[in-house]
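# Here is a sequence with its predicted model. Questions after.
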Amino acid sequence: MDAGIECHFAQEALNLSSPAGRLGADIMNAFATHYSVNLSSEITKGQNGLLKLGLYPWHAPVGYLDMGEGGKMKELDPIKAPLIRKMFELYATQTYSLEALAKKMYSMGLTNSKGNVIRLSVLHKMLQNPFYKGLIRVKGKFYEGRHTPIVSSRLFHQVQMVMKGKFVLKGLKNDFMYRKAIKCSLCNYSLIGELQKGHIYYRCHTKSCPMKTLREDVISNTLSNAFMLVEFYPKEINTLLDLLTEIRENWASEKSALLNSIQLQRLNTQKRLARLTDLLVEDTITKDSYQEKKGEVLSELLLLKEREEELTTQKEGIFKRTEDFLEHLKTLIKTYKKTNRAKMAHLLKIVTSNLSANGKELLITMASPFYEAHQMRLLHYCGVNREMARTKNRTIVFSLIDGNPIKDPPLSKKQLCIYLDYLLSDTQNLCQFNDEDYSL
Ligand SMILES: [Zn+2]
């Protein structure tokens, strides 16, 4: 007004060019300002009152319905409320990224108000909105809501933990049990896991490959059948350990006899060296001849020393390694039934050397020395054939709908003796266990 702009009031006829008119306008203006400030304070008072009553004075969050003005209690949306619950449940499984969850929820019918996929930032806020567990949060303050919760506070908490990454195991989003573990027998690519309708399926990496998809639980059942075949009977392992102790004890006495004999040979050789020096002093042999003979004797001494070391350490290493392996067999395979991905990967690495699928069958190539034990049982075969150990075709084919296999009878003591000999002769090929594996 002071800037010389003409101002007209719709209801009052005021002449702003006269002093009286200006005064009237100023009074009107003051009233208007007061009214506006007062109104917003009254509204705030009203909102606080409603919040304290557990009523939400704004638009209902997705999953609830507005029931009218004045902050009337929100009611569950019969269509969207179950979808919201599903959304929390799915996210809590840790198999969904926010993006995958948004797509999934869209496919199930949960959309934004325009019927589109819910934006990730909105989805993120929804998963954090405590309204769904029955609390109202306004500017950091919490009020106990009167509305019916959609999710339990436990599920809500789980979702918050997943979101913070507290539950996520070593970067494992979408990490499936048999990730990179099974190959397509047609094109040799690793099968990829996918979550579909609550089941995990594996399909070939190659889009055009005719290989059928495999359900994870079917693979697991088939694998446990396979593991059952290579699993050792507890009494077999105990017998093997007993036999090993026997061999070790025999070895201990044999060793001390051998060490004694080495000691003798050593003394003799040292005497020969002394005689050689005498011969040189007496001029009985030439200097050249002396050096040559001395070289031979020293080599002999070195050889004896090496042999002694071998006897004391190397053999003991072989025993220790075999013993460790047998001790591990006790628990190794038993874990397959309640296993997680890391344990399964470890088990597969030790027991199999290759795993592929052709849609109907699982082709399991067994690793040493599991294959040999299996063969001995299968063929009631007495010896471990060296040729057999080298055979490339160690693959056992399991039909994916196989029932329980019939386990072969345990190996006889004679067979176990032969098997242990085989283990001791080839400890280089025995799988090594490190400390991490002990937590199996
Ligand atoms: Zn393929």
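Sure, I can see it.

# ok now do the residue lying closest to Gly46 once chain neighbours are set aside, which residues does it touch?
Nearest-residue entry for Gly46: Pro57, 7.4 Å, with adjacent residues in sequence omitted and distances by CB to CB, 6 or more residues apart in numbering. (Each C-beta comes from the backbone N, C-alpha and C, glycine too.) By CB atoms under 8 Å, 6 or more residues apart in numbering, the contact set of Pro57 is 46-47, 50-51, 71.

# what number of residues lie near Leu110?
For Leu110, the count of nearby residues is 23 (other CB atoms under 10 Å).

# try Pro210
Around Pro210 there are 11 other residues, counting by other CB under 10 Å.

# domain ranges for this protein?
Domain ranges of the chain: 1-52, 64-163, 234-333, per automatic domain parsing.

# mind checking how far the closest residue to Glu300 other than its chain neighbours is from the ion?
Distances taken as CB to CB, 6+ apart place Thr269 nearest to Glu300, at 5.3 Å, with adjacent residues excluded. Relative to the ion, Thr269 is positioned 66 Å away (criterion: CB to the ion, to the nearest Å).

# Now name the helix or strand holding Thr269.
For Thr269, the element it lies in under DSSP states H and E is helix 234-281.

# re the thing from before, can you list phi and psi of the residue nearest to Gly46 for me?
Recorded main-chain torsions at Pro57 are phi -80, psi 0, according to degrees, to the nearest 10.

# Any chance you could note which residues of the stretch 101-250 of the chain sit beside the ion?
Contact residues (CB under 5 Å from the ion) of the stretch 101-250 of the chain with the ion: 184, 186-187, 204, 206, 209, 211.

# and with 6 Å instead?
Remark: the part of the stretch 101-250 of the chain in contact with the ion comprises 184, 186-187, 189, 204, 206, 209, 211, using CB under 6 Å from the ion.

# Looking at those residues, which has the smallest pLDDT value?
For those, the least confident position by pLDDT is Thr206, scoring 84.

# For it, give me its contacts.
184, 187, 189.

# between those residues, which has the most around it?
Counting neighbours by other CB under 10 Å, Cys184 leads those with 22 neighbours.

# Next, it: phi, psi?
The phi and psi torsions at Cys184 (degrees, to the nearest 10) take the values phi -80, psi 130.

# Looking at strand pairing, list the partners for it.
Taking DSSP bridges as the rule, Cys184 bridges to Ala357.

# what sits against it?
190-191, 204-206, 209, 211, 356-358.

# Restricted to strands, list these.
Within the contacts of Cys184, membership in strands is found for 191, 204, 356-357, as judged by DSSP state E.

# Pick the one among the residues you listed closest to Met67.
Using CB to CB, Leu191 is the member of the ones in strands among the contacts of Cys184 that sits closest to Met67, with 51.2 Å.

# my guess is the closest one meets Cys209, correct?
No - in this structure, Leu191 sits apart from Cys209 without contact. The criterion is CB atoms under 8 Å, and the distance is 9.9 Å.

# before we move on, back to that, now render the ones in strands among the contacts of Cys184 as TSV, adding distance to Glu308 and neighbour count.
Listed next are the ones in strands among the contacts of Cys184 as TSV, based on distance: CB to CB, whole Å; neighbours: other CB atoms under 10 Å:
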residue	distance to Glu308	neighbour count
Leu191	54	26
Cys204	58	25
Ser356	49	18
Ala357	53	25
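
# what's the closest of the residues you listed to the ion?
Among the ones in strands among the contacts of Cys184, Cys204 lies closest to the ion (CB to the ion), at 3.2 Å.

# now the strands for this structure?
Per DSSP E, the chain has strands spanning 64-65, 75-76, 135-138, 141-144, 183-184, 191-196, 199-204, 214-215, 352-357, 361-366, 395-399. These are given in chain order.
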